[in-house]
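S.K.: Based on what follows, work out the 3D shape:
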Amino acid sequence: MDQVADVDIESDGVYKYILIKVSDKKSSASKMVVRGYSWADYHADILDRVSPKFHRLGLTYECLGGGRIDHNSRDKLIKIYGYSVGFGQADHKLTREILSKHYPDCEITCSNAGY
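M.R.: Predicted structure coming up:
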């Protein structure tokens with residue numbers, strides 16, 4: 001599990017993100033990870049891109065929903081909002097907790113409004 005980063009998002013812009021539960025059946029360990037990229041036209045595109053690494057590591061995964069991130073690294077602001085049509089809405093409060101550990105100097109807000 002140490003080979004899987006908790007957070008992999010872009011440093012600036014507005015883009016789609018997904019919340020993924022990654023599990024190791026051998027050790028029963030699991031963790032939540034956040035992935036978000038501006039190149040993704042659909043939330044499923046993100047899962048399609050990151051899932052091969054999980055497979056190579058012998059891990060299982062489940063997408064728990066998605067939304068959007070508006071990341072402004074200059075002003076140290078991150079806004080989490082919206083939902084995924086295909087995966088449903090992620091738990092934005094949980095996403096905020098995960099991002100807060102990775103970006104302790106950022107002001108991180110979340111809302112269930114918007115797309």
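S.K.: Tell me the buried residues in the top helix by length along the chain?
M.R.: In the chain, taking DSSP state H as the definition, the longest helix is helix 43-56. Buried residues in helix 43-56, counted by 16 or more other CB atoms under 10 Å: His43, Ala44, Ile46, Leu47, Val50, Ser51, Phe54. Every residue, glycine included, has its C-beta placed from N, CA and C.
S.K.: ok, residues contacting stretch 26-42?
M.R.: Residues from elsewhere that reach stretch 26-42 (CB atoms under 8 Å, 6 or more residues apart in numbering): 1, 4-10, 13-24, 45-46, 49-50, 58, 64, 69, 71, 86, 94-95, 98-99.
S.K.: Which positions within that stretch qualify as buried?
M.R.: Going by neighbour count (16+ other CB under 10 Å), the buried part of stretch 26-42 is Met32, Val33, Val34, Arg35, Gly36, Tyr37, Ala40.
S.K.: I am finished for the moment; much appreciated.
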